[in-house]
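>>> structure, please.
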Amino acid sequence: MEKAQLVCIPLPLMGHIVSAVEVAKLLLTRDHRLSITVLILNLSFVNSNQKPHVKEAVLKITQSKLIADSPAPRLAGAAVLGLLLYVQKIHDEEKVDPIEFKNSDAELSVPSLVKPFPAKAMPSSLLSRQWLPVLLDNARRFGEARGIIVNTFVELESYAVESLKMSIYPVGPILNVGLDGRNTHQEIMQWLDDQPPSSVVFLCFGSQGSFGEDQVKEIAYALECSRYRFLWSLRRPSPPGLLPSPSDYEDPQEVLPEGFLNRMTGIGKVIGWAPQVTILAHPAVGGFVSHCGWNSVLESIWFGVPIATWPMYAEQQFNAFEMVTELELAVEIKMDYRNDSGVIVNCNEIERGIRSLMEHDSKKMKKVKEMSENSRRALMDSGSSYCCLGRLIKNFMDDLT
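Here you go, the predicted structure:
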């Protein structure tokens, strides 16, 4: 039997590509009648009219068979999808300019959220003249899709899933949780092995996350004052205007307070790039200071590690709001922080967030652990996401006949 062809076209950034590859693997594992191609675009294509070239490439791959293609910018959660649809509605029907929400104190009634949403936590892309038209166009096209794959599970975002009046498939958490970092980062893992259970706060801000020297020093002062054990992934910012990701410091002492590393010997460890999944899986890690990328949020839930939110860009401010206020699964350091704002979060605010994270409030910790168990059950046979994926494949194959 000739295989049914699907093409997946993610936004060409690492978090999006990883999610696309993982959902492709998930589909192929469930049904061997499928053949999937992940088409990686050049980043410069995203805001230019490259649709005819993409269509030509897709037709060559699929030989004109049915294409499963989502116009969404990424495999995100259900609540943020609801926000995008809400913004598109008020823009088109009420002539509201979302960019006016920047630095606004307004609170919005978003249908995918129970709690009022602070406009100042609006995703950066919806406040950008460059990206807003692209996202609004995507939102309008959702109505044309036969279905939308959402990287969440019903038990996590039940209200948001129920609020979306369209055919969605919550098949998550879609994660790559292969623990391959132990062999390649033995020094880090050995250090963690020597720490007591749930004693280490892990600080990591994603593939694009970095801070200037002044902010780095404030984080260092906060860690020193808190006296909690820590593992800190510290990255050098990219030069202004360049696309490459942050890089590792040859010597992090150049941006840290004088004598910091000596004073923290035996208490904390500063590293460069981090094998995040492997670290979150380690029993010594008791808290995660995170930029709140959706992949990182799902990884923290999977391993039952509570988050202190410090968003940087994209939809991370929204994710932070959802985790702290809507779902009450996280604590806040700075929920509406943006990495291009020039704001310096002071050491007292950071220390307060770290203490709140690591004191392990029993009620919040119980909720995190329960959600961790739910995330794993969702993917098991007869679990909510397992069943949604089966329904997705059936509907797709039915469309071919």
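>>> and the strands in the stretch 51-200 of the chain?
With DSSP state E, counting those that start in this stretch as the criterion, the stretch 51-200 of the chain has strands at 107-108, 117-118, 148-150, 168-170, 200-204.
>>> same for the fourth one, what does it pack against?
Right, strand 168-170. For strand 168-170, the packing partners by 3 or more Cβ pairs under 8 Å, 6 or more residues apart in numbering; DSSP states H and E come out as helix 78-94, strand 148-150, helix 384-400. Glycine gets a C-beta too; all of them are placed from N, C-alpha and C.
>>> out of those, which is the most enclosed?
Highest mean neighbour count among the helices and strands packed on strand 168-170 (mean count of other Cβ atoms under 10 Å): strand 148-150, with a mean of 24.
>>> that one - what's its average pLDDT?
Across strand 148-150, the average pLDDT comes to 92.
>>> give me the sheet partners of that strand and which way each runs.
Strand 148-150 pairs in its sheet with strand 168-170 (parallel), by DSSP bridges.
>>> from the rest of the structure, what touches the strand it pairs with?
Applying Cβ atoms under 8 Å, 6 or more residues apart in numbering, the contact partners of strand 168-170 are 78, 81, 147-150, 152-154, 157, 161, 384-385, 388-389, 391-392.
>>> how does it look with 6 Å?
Counting by Cβ atoms under 6 Å, 6 or more residues apart in numbering, the neighbours of strand 168-170 from elsewhere in the structure are Gly147, Ile148, Ile149, Val150, Thr152, Phe153, Val154, Val161, Cys388, Leu392.
>>> do the same with stretch 29-37
Counting by Cβ under 6 Å, 6+ apart, Lys3, Ala4, Gln5, Leu6, Val7, Ala24, Leu27, Leu28, Ile61, Leu389, Ile393 sit against stretch 29-37.
>>> just the buried members of the residues you listed?
By neighbour count, with 16 or more other Cβ atoms under 10 Å, the contacts of stretch 29-37 hold Ala4, Gln5, Leu6, Val7, Ala24, Leu27, Leu389, Ile393 as buried.
>>> among those, which are in helices?
Ala24, Leu27, Leu389, Ile393 (DSSP state H).
>>> for the first one, list the residues it contacts.
By Cβ under 6 Å, 6+ apart, the residues touching Ala24 are Cys8, Ile36, Val38.
>>> quick one, whatever helix or strand Cys225 lives in and strand 200-204 angle?
Per DSSP states H and E, Cys225 falls inside helix 213-226. Helix 213-226 and strand 200-204 are oriented at 170 degrees to each other (axes from the mean of the first three to the mean of the last three Cα atoms, to 10 degrees).
>>> start at 702, not 1
I'll keep to 702 as the first residue from here, and by that count the last item is helix 914-927.
>>> quick one: mean pLDDT over stretch 1037-1046.
For stretch 1037-1046, mean pLDDT is 90.
>>> contact partners of that stretch?
Lys821, Ala822, Asp915, Gln916, Pro1012, Met1013, Tyr1014, Gln1018, Lys1035.
>>> again, but for stretch 787-795
Val797, Pro799, Val811, Leu827, Leu837, Ala840.
>>> likewise stretch 958-966?
Counting by Cβ under 6 Å, 6+ apart, residues outside stretch 958-966 touching it are Lys918, Ala921.
>>> alpha carbons only: can I get that stretch in CSV?
What follows is stretch 958-966, C-alpha atoms only, in CSV (Å, rounded to 0.1, in the frame of the first residue of the first chain):
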residue,chain,number,x,y,z
PRO,A,958,30.6,39.7,40.9
GLU,A,959,34.3,39.5,42.0
GLY,A,960,34.9,36.4,44.0
PHE,A,961,31.4,35.0,43.4
LEU,A,962,32.6,31.6,42.1
ASN,A,963,35.0,31.2,45.0
ARG,A,964,32.4,32.1,47.6
MET,A,965,29.9,29.6,46.0
THR,A,966,32.3,26.7,45.9
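>>> which one of the helices and strands packed on strand 869-871 lies nearest to Met1059?
helix 779-795 (27.0 Å; Cβ to Cβ).
>>> before we move on, the earlier item: can you name the two of the contacts of strand 869-871 that are farthest apart?
Most distant of the contacts of strand 869-871, by Cβ to Cβ, are Gly848 and Phe854, 16.4 Å apart.
>>> who has more neighbours out of the two?
Neighbours were counted for Gly848 and for Phe854 using other Cβ atoms under 10 Å; Phe854 has more, 30 against 17.
>>> per-residue confidence for that one?
98.
>>> quick one: contacts for it?
By Cβ under 6 Å, 6+ apart, the neighbours of Phe854 are Pro871, Gly873, Ala1079, Ser1085, Ser1086.
>>> same check on Met1059?
Val902, Tyr929, Gly988.
>>> can you tell me how far it is from Gly907?
Taking Cβ to Cβ, to the nearest Å as the measure, Met1059 falls 21 Å from Gly907.
>>> quick one: least confident helix or strand in the protein?
Within the chain, no helix or strand scores below helix 882-885, which has a mean of 66 by mean pLDDT, DSSP states H and E.
>>> so where do the strands sit in the stretch 952-1101 of the chain?
969-972, 986-991, 1008-1010, 1031-1033.
>>> looking at those, spot the one closest to Cys1048.
Closest to Cys1048 of the strands of the stretch 952-1101 of the chain is strand 986-991 (Cβ to Cβ; 13.4 Å).
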